[in-house]
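*Asks:* I'd like to go over a predicted model; first the sequence, then the structure.
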Amino acid sequence: MTTGDPDGLLAEQLLRLTRRMHRIQKHHLAQSDLGITPAQSRLLRTLAHVGSPPRMADLAELLEVVPRAVTTLVDGLEASGRVRRVPDPANRRVIRIEVTDEGREALRTLHEARRSAAKEILAPLTDEQRETLGGLLDTLFDGKPLPESHHGRHGGHGERSPA
């Protein structure tokens, strides 16, 4: 990549960083012997962030995958006791997916693996550099600049804390 294409270089750096983060997280997960795929991990995290248990079609939309893929993921997670299918109280023909206690425990392990990977990657940075990086990532995530008064770091899941 030439220096004549700074956006292309940044895109490549972001991709490399993402791959490194996934590799390190996968290594930490392997040590935990959780036995969960990255796609199952993503589904569990999605379930944890929605208000009420979603329908399979809702999950497919949130994950941007075909409904059949969600069925396969839910089947695997249900077999391991991490999620369960429950009837919708308002319409018993509708099935919703909820996280079980085992699923919440798996989420804690996944979260710890993600934190460990981030800690490893961010180790060379000072606190000030970490705060700057966090602000820059927020800006990229939200697609709008941070207000000048926003200098503090936010919660652990990429959301900004209230100003």
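*Replies:* Great, that's in hand.
*Asks:* can we go C-alpha only for contacts and neighbour counts from here?
*Replies:* Noted.
*Asks:* Break down the chain into its strands, ranges please.
*Replies:* 83-87, 95-99 (DSSP state E).
*Asks:* Dump those strands to JSON lines, plus mean pLDDT, mean neighbour count and distance to Gly4.
*Replies:* Compiled in JSON lines, the strands of the chain are given as follows (pLDDT from 0 to 100; neighbours: other C-alpha atoms under 10 Å; distance: least, C-alpha to C-alpha, whole Å):
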{"stretch": "strand 83-87", "mean pLDDT": "96", "mean neighbour count": "18", "distance to Gly4": "49"}
{"stretch": "strand 95-99", "mean pLDDT": "96", "mean neighbour count": "20", "distance to Gly4": "49"}
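*Asks:* Among those strands, which comes closest to Arg130?
*Replies:* strand 95-99 (32.7 Å; C-alpha to C-alpha).
*Asks:* Please report how far the closest residue to Arg82 other than its chain neighbours lies from Arg68.
*Replies:* Excluding the flanking residues, the one nearest Arg82 by C-alpha to C-alpha, 6 or more residues apart in numbering is Gly103, at 3.8 Å. Remark: distance between Gly103 and Arg68 (C-alpha to C-alpha, to the nearest Å) = 21 Å.
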